[in-house]
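Fold the following for me, if possible:
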Amino acid sequence: QVQLVESGGGLVQAGGSLGLSCAASGSIFNINAMNWYRQVPGKQRELVATITSGGSTNYADSVKGRFTISRDNAKNTVYLRMNSLKPEDTAVYYCNAFLAVLTTKNIYSSYWGRGTQVTVSS
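Predicted structure coming up:
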């Protein structure tokens, strides 16, 4: 019913920039928070950035000042602009949305994309 599809990952040198996007589609009634997480093998998935439907944002300390999250509510799309990338930013980046579908408008659930690989070379 609902799909989240990430795009924009790839390989970049340290100090470079990348932009990620994630489009949500399907029988969506409303999207509350949209988030970006990342995960490296053997470690827990960590929250990178959050944006509410009103545009309030929050970031992990490790990315503050370098990453910017934004969203287009009309397109059900969230973006992550990543600048000054470091090798330790290498991970699979996942999009996450807390949303309600048309059939159960008052029930919000968490949905995930399949992830996109970001690799930062030193």
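
partner residues bridging Val12?
Val12 has the following beta-bridge partners by DSSP bridges: Val120.

oh sorry, the question was meant for Leu47
For Leu47, the beta-bridge partners under DSSP bridges are Tyr37.

residues touching it, list them.
Leu47 is in contact with 35-37, 60, counting by CB atoms under 8 Å, 6 or more residues apart in numbering. The way it works is simple: take the backbone N, C-alpha and C, and place the C-beta from them, glycine included.

Selecting buried members of these in PyMOL, what would you type?
Selection of the buried residues among those in PyMOL, burial being defined by 16 or more other CB atoms under 10 Å:
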select buried, resi 35+36+37
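
Out of the contacts of Leu47, the closest to Cys95 would be?
Using CB to CB, Trp36 is the member of the contacts of Leu47 that lies nearest Cys95, at 6.3 Å.

hang on, the closest one packs against Asn96?
Yes: judged on CB atoms under 8 Å, Trp36 makes contact with Asn96 at a distance of 7.4 Å.
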